[in-house]
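K.L.:
A predicted structure for the sequence below; I have some questions about it.
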Amino acid sequence: MECTTYFWKKVVILFFDSYVYSSAWYGGLVLKNGVKIFASSGAKLIFNYTGTNSDVLTYYSPLNAGTGGFELCNVTIEASNCRYALHDEKMDYTDVYRNIYDHCNFKLDNSNNSVWHARNCIGGGLGKSGEIVIDGCYFESDIEPNYYDIVSYHNSSNTNAKSNIVIKNSYIKSGRFKFGYHGTSTNMTKVLIAGCKATREPLLWQEQPTDSTVNMEITQWNNIWS
């Protein structure tokens, strides 16, 4: 058993030492094709990187979104020194998808990451036609001054893009939800936040300096921001 354990540890170390970023690949487990993952009580996925590879520190996420959507139920993930705990990025994908987070717990600690300073438990860009549902989830991240974005999405650059985001009954220990309008679509991507608690109000902002079309809107109901 000791030999086997050592072998796999060595393989993992070599993988991260030689990891090189590719624009189409952010590493880690890719969730796609409608996969559903239901975790048992007490189960926990832990990614704690202690190396110095700048590509891992900047681009690697242990969980990533693929085509066709997915569902996570009762999943707990703790990550440190990486891009995000989960990179919900669709890039220029045009597939219709639905990503569901049902009573999940996310914790990200990038306090010792000197290369990548984001504190997002979940971060990424929407696809052309998608739905994000976050229900009953808990988010925790280390916080530095003036950086409070814990769950963050930006709109798709696809023409005629239109998606929906529903976040309900969820809690951010310290920080906020952030949404960036982006691209040239004149269809409105709608965000509904209901029954949530965070320490700052959600932010709607311009994702890129060239983004002049406000194609996202936030509706809030029965939340606590304090």
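P.N.:
Everything's here; your move. On a predicted model such as this, the values are computed, not experimentally measured, just so you know.
K.L.:
residue contacts, the residue lying closest to F106 once chain neighbours are set aside?
P.N.:
Of all residues not flanking F106 in the chain, C121 sits nearest, at 3.8 Å (C-beta to C-beta, 6 or more residues apart in numbering). The way it works is simple: take the backbone N, C-alpha and C, and place the C-beta from them, glycine included. Shown in contact with C121 (C-beta atoms under 8 Å, 6 or more residues apart in numbering): Y84, A85, L86, F106, K107, L108, F139, E140, S141, I150, V151.
K.L.:
Give the buried residues for stretch 58-74.
P.N.:
Across stretch 58-74, burial judged by 16 or more other C-beta atoms under 10 Å covers 59-72, 74.
K.L.:
sec struct for T58, please.
P.N.:
Using DSSP: H, G, I helix; E, B strand; the rest coil, the structure places T58 in helix.
K.L.:
element containing the residue lying closest to it once chain neighbours are set aside, please.
P.N.:
Closest residue in space to T58, ignoring its immediate chain neighbours: W116 at 4.4 Å, by C-beta to C-beta, 6+ apart. Secondary structure from DSSP states H and E places W116 outside every helix and strand.
K.L.:
How about the contacts made by W116?
P.N.:
Contacts of W116 (C-beta under 8 Å, 6+ apart): L57, T58, Y59, C82, R83, N110.
K.L.:
Show me what the most centrally placed residue in the chain is bridged to.
P.N.:
By C-alpha atoms, centre = their mean, the chain has its centre lying nearest to I122, at 1.9 Å. Beta-bridge pairing of I122 under DSSP bridges involves L86, V151.
K.L.:
which residues does it contact?
P.N.:
Y84, A85, L86, D88, Y101, F106, I134, F139, I150, V151, S152.
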